[in-house]
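Q: Please find the sequence and the predicted model below.
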Amino acid sequence: MNYSQPTADPFVGALRTAYRELIESGTVSLTIDHGDAETTVRLEPTVSGAPRLQLRMAGRTGELFLDDFDPFELDEASPDDVREFASFTRALVDGQLALVSRKTLLGWRPAAVEWPGGQWSLPGNPGVVGLLFRPRKEKVRGYA
């Protein structure tokens with residue numbers, strides 16, 4: 001294996017495992033593009049309104065995009081990142097993922113995603129306004 005090439009193997013394996021039945025049933029499509037400097041994995045749902053995922057890995061680090069939100073950073077060398085990613089994808093498939101939003105001066109802003117046993121924060125600071133209001137949670141729509 002050429003280590004200068006992007007691998008993304010642990011993350012792609014976790015996606016394939018979590019989404020196996022959905023891929024086989026045609027509920028989502030999985031495409032993997034191995035470029036010279038980056039591997040891009042896309043999961044596109046056939047169900048309207050269901051979340052899209054895009055994973056971009058360059059070497060051992062990468063970003064995960066859930067729909068149009070800011071990316072979550074991933075590191076293949078971190079066992080915690082790999083484990084959390086697998087847990088995140090299973091929760092998303094099982095419909096157990098919630099989007100946490102915080103109040104800002106400009107309205108409600110996505111701040112994190114939560115699932116049983118895990119949470120990933122999105123970049124940004126809620127500021128003083130965000131501290132005055134309780135966060136709002138909503139379930140992320142599933143694929144069924």
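A: Good, I have the coordinates.
Q: Determine the longest strand present in this protein.
A: strand 107-115 (DSSP state E).
Q: So which elements touch the helix or strand following it?
A: Downstream of strand 107-115, the first helix or strand assigned by DSSP states H and E is strand 118-121. In terms of contacts (3 or more CB pairs under 8 Å, 6 or more residues apart in numbering; DSSP states H and E), strand 118-121 is packed against helix 79-93, strand 107-115. The C-beta positions use only the backbone N, C-alpha and C, and glycine is treated the same way.
Q: Now the first one: buried residues?
A: Going by neighbour count (16 or more other CB atoms under 10 Å), the buried part of helix 79-93 is Asp81, Val82, Glu84, Phe85, Ala86, Ser87, Phe88, Thr89, Arg90, Ala91, Leu92, Val93.
Q: Quick one: these as a markdown table, columns for pLDDT too.
A: Formatted as a markdown table, the buried residues of helix 79-93 follow (pLDDT from 0 to 100):
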| residue | pLDDT |
| --- | --- |
| Asp81 | 89 |
| Val82 | 89 |
| Glu84 | 91 |
| Phe85 | 91 |
| Ala86 | 90 |
| Ser87 | 92 |
| Phe88 | 92 |
| Thr89 | 91 |
| Arg90 | 90 |
| Ala91 | 91 |
| Leu92 | 90 |
| Val93 | 89 |
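Q: Okay then, goodbye and thanks.
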